[in-house]
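K.L.:
coords below, sequence missing:
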């Protein structure tokens, strides 16, 4: 056995997506980082060992323009290119590559931290070191750091340090949460094992092991959906252990889940109810995917009202959007539905005060163990959200280590400014980075998309249900027309709604309702007469009421910020109202209704330097007119006099409305997002008025490219010249940043 001591600025315990994002964020800010994981692969529940798909704020596409940015966004986009079919081993490699690319990270796999040295009184603990055992290598390693992050999920490090935490459910009265029980208890969400199947191409016999559960003696066949061809993740409901201790009873829980899986497969293969003669088990998990255990206490406890009310915290540093998703304590043996879900109207904020310990002065946390009530945790627990929390906590740890301060002493504005500079997403907050000279530039362009009009009809869309669409309003909407079929003389009923918050895409506040006469006929452009001039740029949600005698038309050419939706009925178990469930883009994804809106400033060149780097009350990007064959479009930044520049950040449009997935929930029909710039160059204007190329990118497949020049350039103007895209008709640039 070898005893070692490792010293780093920041120590991160836990190699799930929260820990990975935290480590990468801290390392990119120049801090040395120890990333410790007790498994042989990174990714936590998303890894090839467990294989849970990565869910997040999109809610499988229910929330719009909601996909995560920052490190998690990089992982999604890169995995889309490398691994569009969702191979879990390729996903492992994507995560490992992101970590290995950071020279400031030292990775310790197969290292189980089980000792914590901490000192100080109960209300002011301080961690001095943690010690881990590296399995297979017989190395006992003591890790010393100024800052520690518990991203372990179960929260053992914080617990051993004396950090205050909770396990189980709070009472309804504590945070006024309608979904909490009347009395507090120790019940948690259970754990799940998954399995994969395949068609072997020939008959395969299945002999169930003796430990298999006879599911015919349970409620499973009546209460759950079983299909022979479903992929393993469709069986998320194979859950057990909510009434047990999900850590100390982990072995018992795993054994019961194995028994259930083999019992289900025995039922599929041998009951005679399924066409599964040639189907076989390809893989069965052996590491339970845990959902819940310790939740630490920070200076703020996020609760149900914050999520459904979308509380706008002054210290917001991350966001979520998954439903509040709570499962019955009995798990697979419950007689209730497998999940109870409630969505907010859009994505919600998570405050920095929920990411550090209330009583341990150098401990931050990220993932499912943050300071949240059990009900709020039902939403924040999903992995893409955990990753955004990791980037925020890792960034905070880096700033604290550099400044020699405690997390509570860190100014939230400093943290937010750093997060935005690193392309993490803080919703509704514009960058005001004093070092970014682009924010003080005047932006012009070779062309600007004048309107999000879609005039080429692809398919007739009967108004059997209410139709809805979202368009950006900047500064006014006063010329909306729709392409309509009418079987007889009738009236088109159209309503315009203000969604309220800039991140919302549902109808909330009625602005105007009109009824327009329509004569019988096909493909008529009907002028609605709707008018809206809000005080600031907004999204407009337009509802076209159902009418059996009317039809709209769809187009395959949607513009940024434009959505097409249709209304569906809520399920019997859904709370009402819940507009995010009522309005879906099913059948309308990547399409729009044929419409003409009149001119807009939503795509102006100045949008690329307005401080926003993702949609919020509008698309916030420069969009050119469609590129001509062999033609180019450019975005120019100009200053009153010469400035000296050595670095440019170009943020291309990675279409955060596109719901990407790491494994196999669905297959997205392209490997590189079409809206991304493919080939572009950066030019600086010389003193003689000519242009000199100072940087170039080809075959780009990423959102963010950082160009550090070999030699600084002094110029009064620079421009991004878009040569080609990855498929989009127009050039899209979300933001350009320029640094001395």
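P.N.:
Structure received. Quantities reported herein were computed from a predicted structural model and do not represent experimental measurements.

K.L.:
distance of residue 266 from residue 272?
P.N.:
Here the criterion is Cβ to Cβ, to the nearest Å. By it, residue 266 lies 12 Å from residue 272. C-beta here means a position set from N, CA and C on the backbone, and glycine is covered the same way.

K.L.:
okay, those two: which has more neighbours?
P.N.:
Neighbour totals were compared for residue 266 and residue 272, and residue 266 leads with 19 against 7 (other Cβ atoms under 10 Å).

K.L.:
can I assume the more buried one sits in a helix?
P.N.:
Yes. Using DSSP: H, G, I helix; E, B strand; the rest coil, the assignment for residue 266 is a helix.

K.L.:
count the residues that sit near residue 433.
P.N.:
Applying other Cβ under 10 Å, we find 16 residues neighbouring residue 433.

K.L.:
that one: what's it in contact with?
P.N.:
Counting by Cβ atoms under 8 Å, 6 or more residues apart in numbering, residue 433 makes contact with 417, 420-421, 439, 737.

K.L.:
can you do 7 Å?
P.N.:
Contacts for residue 433 (Cβ atoms under 7 Å, 6 or more residues apart in numbering) come out as 417, 420-421, 439.

K.L.:
separation between it and residue 596?
P.N.:
To residue 596, residue 433 is 38 Å away according to Cβ to Cβ.

K.L.:
in the sheet, who's paired with residue 118?
P.N.:
When bridges are called by DSSP bridges, residue 118 pairs up with residue 127.

K.L.:
quick one: list the elements packing against the helix or strand hosting residue 23.
P.N.:
Residue 23 belongs to helix 17-28 when assigned by DSSP states H and E. Based on contacts counted as 3 or more Cβ pairs under 7 Å, 6 or more residues apart in numbering; DSSP states H and E, the elements that helix 17-28 packs against are strand 10-13, strand 33-36, helix 70-82, helix 88-100, helix 383-403.

K.L.:
buried ones in the longest one, by neighbour count?
P.N.:
Neighbour counts over helix 383-403 (16 or more other Cβ atoms under 10 Å) mark 383-401 as buried.

K.L.:
do you know which of the helices and strands packed on helix 17-28 lies nearest residue 657?
P.N.:
With Cβ to Cβ as the criterion, residue 657 lies closest to helix 70-82 of the helices and strands packed on helix 17-28, at 12.8 Å.

K.L.:
mean confidence (pLDDT) on the closest one, please.
P.N.:
Helix 70-82 shows a mean pLDDT of 98.

K.L.:
tilt between the helix holding residue 23 and helix 383-403?
P.N.:
Computed by axes from the mean of the first three to the mean of the last three Cα atoms, to 10 degrees, the angle separating helix 17-28 from helix 383-403 equals 30 degrees.

K.L.:
what does helix 17-28 contact?
P.N.:
Residues from elsewhere that reach helix 17-28, judged by Cβ under 7 Å, 6+ apart: 10, 12, 33, 35, 42-44, 46, 54, 71-72, 95, 98-99, 102, 104-105, 149, 151, 366-367, 383, 386-387, 389-391, 393-395, 397-398, 422.

K.L.:
ok, now stretch 474-485?
P.N.:
With Cβ under 7 Å, 6+ apart, stretch 474-485 has contacts from 457, 460, 471, 492, 518, 522-528, 530-533, 537, 540, 550-553, 593-598, 600-602, 618.

K.L.:
which ones among those residues lie within strands?
P.N.:
Mapping the contacts of stretch 474-485 onto strands (DSSP state E) picks out 460, 471, 492, 518, 522-527, 540, 550-553, 593, 595-596.
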